[in-house]
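Peer 1: The following comprises the amino acid sequence and a computationally predicted model.
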Amino acid sequence: MQSDESGPNVGPANDDDARLTRGAFLKRGAGGAAALSALPLVMAACGGSSASPATSAASTSSSGPIRRGGQLRVGLVGGGTAETLNPYLAITPIDQARIQNLYDPLVLVNSDMSRSPGLALEWNPNKDATVWEVKLRPDVTFWNGKSFGAQDVIYSIGLMAAKTSAGLPFVSGINLNEMKAVNKHLVRIPLKFPDADLSANFTYYNTWIVQDGEKDFTHPVGTGPFELESFTPGQQSIFKRNPNYWVSGKPYIDSLKYTSISDPTARLNALLSGQIDAMAQLPYQEAKAHQSVGDINVLAAKSPQPYMFYMDTTRAPFSDNNVRQAMRLIADRPALIESAISGYGTIGNDLVGKGLQWFDDSIPQRTQDIEKAKSLLKSAGQQNLSVLLQTSPIFPGFVEAATLLAQQATAAGVKINLKQEPASSYYNPSILYLKMAFAQTQWAVPSIKFFYLQSLAADAPYNETHWHSTSFNNLLFKAIGELDKTKAQQYWNQIQQIQWTQGGYLLWTNADWVDGLSTKVRGLAPSAASALGNYLFRNVWLAT
C-alpha cells in the first residue's frame, strides 16, 4: 500500500496511497492533551478526556513548612551527541527534562492528563474552527527582562514549521503568513483546514515557546522556572533559579543539575549513595524491592505510556501484513508484563491511547494465538522466519521484553536474533533511530491526536513503522477537524481499526512511570503525563 512521492504532504492529501521520503524527518517525540476542565469553557468544549489514568503512588509532599534553597541533582539516561537545548530538534528524555524547565508551553498537562493554562489563557475558535484567537498570559518576562507576547508565539510557530522540526506536524495546518498579533497578548491563527482542538497541538516539549528572534540555542533565553548556567551534551547541565518566574514564589530550589547516567545500575547506585537526589526510569525489579524497604521513595504513576515493538512496514519480511499480524499473535502480553516490568503496567492492544479521549474500547483484545500465527506465516511463505530485533537498555524492561518475546516466538517456529544497542545511539537519528526494521519504542502520550500526528501522519517526524497512506491521512484529518463529537469518534474508530489490522506496532503494555527519589525530596507528585512527575521541578523543595 505504499508508493513513492518526492516530498512531504502537509495536512490532508489527495492522491491515495502516496509515500513520503523520510527526508529531514529524523526526530522522535509527543504532544497534545486530553481534558480541559481547568481552562475557559470555550476551550473545554473543543476537547476532553473520557477517562484519566490514575496515579499509583502518593506524592512526596510534606505537612511541614517549605524549605527554600539547595540544589536538586537528577540522574537521567543520556542522549550523547544527540542532546540539545533546541525544543524543535529535541529527541531524548533528558532533552525533555531540560526543555520543560527552561521554557514554558502554551498549555500545561496536569498529572491526570487534563489541561490547564500555560502561557495561553484562552483558545477561541470561529464557527468552523478554521481561525483561532489565542489570549496570552500578561506579565510574563524572559530571563533577559524582555516581556513575553504575541510576536514570540508567532516566531516560535515559525520555527516549529521548519522541515527539520519535530513540531512540524502540529503546525503544518497553520497559514503561517497570515498569523497576526491582534495586540500584545492576542494572537490570531488562521488554519488551512479545520481543527476542532488546536490547543492540543501545543502541550508537548517540541512546541514550547522561545523568544522572538532566538537563534543561538547554545545559550537560549526562556521564560521557564530555571535559567541556563552550563550545558555539556552527553554529560551534564546546570540551571539556576529564575527569580522572576511568573508562578509566584516558585521555584523553591536555588539550582538544578542533570547528570547523564545511561546505565540503570549506576544511576540507582548514585541515588543510594547520595550522589544524586532523583533518578528517572528506576528498573522495575528494583522498584519492588526498594518500595518494601523504604530506603528511597518510589514515584509510580499509572499511565497511557506505550511500550511497543515496531516493524518497518516497507521492509521485508514486515512489508507483508501476514507477518506483522503473526508477530502480534506470538506475544504473551501478561507474561511480558509480569516478567519484563514486574507487573508495573496494564495489558496493551496494539493501539496507543488507552484511557484517553477517542480511544476505541470496542476493538477486541488481541491475545496469544500460536496456531493462527503459524497459519499466517505459512500464507506469507515464512514458515522458518528469522529476524533481527534491535533492543537497548535505554528504558527499563526493554531488553527483558525483547528476550522473552524471542523465547515466545520459538513456539511459532520464528527465530528472533537479539542485538543490544547502546542507549546513547538508540534514539539518535544519525545512527540508529528510524533505520531499524524491528526495534522497540516508548512514548509519553498526552493525547491520541498527538501520537498520530507524530508517528503516522503524512509529515510525521517519528514515523517508526514507515507507514504511508494518503487515504489514511485524509481520514485522520477528517477526525481532527470534525466538530461533531459523534462523527469524530466514528472517524477515530476507523483509524484505529486500520492500525489494529494493518499497522506495524505491537503494543504489549501501557507501562507505569516508575522513578526513584531521595527521602529528602518533597513536592513532586506522580504524573500520568511523564517521568519524574512530568519534570515539574519548580514544585520541588529539599527537606533537611
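Peer 2: Done, it's in.
Peer 1: now residue 189, what's its secondary structure?
Peer 2: Following DSSP: H, G, I helix; E, B strand; the rest coil, residue 189 is assigned to strand.
Peer 1: nope, residue 153 is what I meant
Peer 2: Secondary structure assignment for residue 153 (three-state DSSP): helix.
Peer 1: Find the residue ranges of the stretch 251-400 of the chain scoring beneath the pLDDT cut-off.
Peer 2: Within the stretch 251-400 of the chain, not a single segment meets pLDDT under 70.
Peer 1: before we move on, what about the stretch 51-200 of the chain?
Peer 2: Scanning the stretch 51-200 of the chain for pLDDT under 70 picks out the ranges 51-63.
Peer 1: And the helices in it?
Peer 2: For the stretch 51-200 of the chain, the helices defined by DSSP state H, counting those that start in this stretch cover 93-102, 150-160, 168-171.
Peer 1: nearest to residue 271, of the ones you listed?
Peer 2: Nearest of these to residue 271, taken as CB to CB: helix 93-102 at 15.7 Å. For glycine as for every other residue, the C-beta is placed from the backbone atoms N, C-alpha and C.
Peer 1: Packing partners of that closest one?
Peer 2: strand 71-76, strand 226-232, strand 236-241, strand 255-260, helix 531-535 (3 or more CB pairs under 8 Å, 6 or more residues apart in numbering; DSSP states H and E).
Peer 1: Mean neighbour count and distance to residue 189 added to those, as TSV?
Peer 2: Output for those, formatted as TSV (neighbours: other CB atoms under 10 Å; distance: least, CB to CB, whole Å):
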stretch	mean neighbour count	distance to residue 189
strand 71-76	24	34
strand 226-232	17	29
strand 236-241	20	31
strand 255-260	21	33
helix 531-535	25	26
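Peer 1: would you turn the helices of the stretch 51-200 of the chain into JSON lines with mean neighbour count?
Peer 2: Listed next are the helices of the stretch 51-200 of the chain as JSON lines, based on neighbours: other CB atoms under 10 Å:
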{"stretch": "helix 93-102", "mean neighbour count": "26"}
{"stretch": "helix 150-160", "mean neighbour count": "21"}
{"stretch": "helix 168-171", "mean neighbour count": "27"}
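Peer 1: Going by neighbour count, which residues in the helix or strand where residue 336 lies are buried?
Peer 2: Element membership for residue 336 (DSSP states H and E) is helix 333-340. In terms of neighbour count (16 or more other CB atoms under 10 Å), helix 333-340 has its buried residues at 333, 336, 337, 339, 340.
Peer 1: which one of these sits closest to residue 442?
Peer 2: For those, the minimum distance to residue 442 (CB to CB) is 12.5 Å, reached by residue 340.
Peer 1: quick one, what contacts the closest one?
Peer 2: Counting by CB atoms under 8 Å, 6 or more residues apart in numbering, residue 340 touches 284, 397, 400, 401, 404.
Peer 1: I figured the last one was touching residue 334, is that so?
Peer 2: It refers to residue 404. No - using CB atoms under 8 Å, residue 404 makes no contact with residue 334, being 11.4 Å away.
Peer 1: longest helix anywhere in this structure?
Peer 2: In the chain, with assignment by DSSP state H, the single longest helix is helix 485-502.
Peer 1: where does it sit relative to the chain's centre, distance-wise?
Peer 2: 21 Å (CA atoms, centre = their mean, to the nearest Å).
Peer 1: Could you name the helices and strands sitting against that helix?
Peer 2: Packing partners of helix 485-502 (3+ CB pairs under 8 Å, 6+ apart): helix 321-330, helix 470-481.
Peer 1: Single out the most deeply packed of those.
Peer 2: A comparison of the helices and strands packed on helix 485-502 by mean neighbour count, using mean count of other CB atoms under 10 Å, puts helix 321-330 on top with a mean of 23.
Peer 1: by contact count, what packs against it?
Peer 2: Under the contact definition 3+ CB pairs under 8 Å, 6+ apart, helix 321-330 sits against strand 306-311, helix 370-379, helix 398-409, helix 485-502.
Peer 1: List the contacts of the longest one.
Peer 2: Think helix 485-502. By CB under 8 Å, 6+ apart, helix 485-502 touches 1, 196, 321, 324-325, 349-351, 358-360, 362-363, 366, 448, 452, 456, 472, 475-476, 478-479, 482, 505.
Peer 1: Output stretch 152-172 in PDB with nothing but the alpha carbons.
Peer 2: Provided in PDB are the C-alpha atoms of stretch 152-172 (Å, rounded to 0.1, in the frame of the first residue of the first chain):
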ATOM      1  CA  ASP A 152       7.100  35.400  20.500                       C
ATOM      2  CA  VAL A 153       4.400  32.900  19.800                       C
ATOM      3  CA  ILE A 154       4.300  33.700  16.100                       C
ATOM      4  CA  TYR A 155       8.100  33.400  15.800                       C
ATOM      5  CA  SER A 156       8.100  30.100  17.700                       C
ATOM      6  CA  ILE A 157       5.400  28.600  15.500                       C
ATOM      7  CA  GLY A 158       7.600  29.600  12.500                       C
ATOM      8  CA  LEU A 159      10.500  27.600  14.000                       C
ATOM      9  CA  MET A 160       8.100  24.700  14.600                       C
ATOM     10  CA  ALA A 161       7.200  24.700  10.900                       C
ATOM     11  CA  ALA A 162      10.700  24.100   9.700                       C
ATOM     12  CA  LYS A 163      11.100  20.800   7.800                       C
ATOM     13  CA  THR A 164      13.700  19.600  10.400                       C
ATOM     14  CA  SER A 165      11.400  20.400  13.300                       C
ATOM     15  CA  ALA A 166       9.800  17.800  15.500                       C
ATOM     16  CA  GLY A 167       7.000  20.200  16.000                       C
ATOM     17  CA  LEU A 168       6.100  20.300  12.300                       C
ATOM     18  CA  PRO A 169       3.000  18.100  12.400                       C
ATOM     19  CA  PHE A 170       1.400  20.300  15.000                       C
ATOM     20  CA  VAL A 171       1.600  23.500  12.900                       C
ATOM     21  CA  SER A 172       1.500  22.100   9.400                       C
END
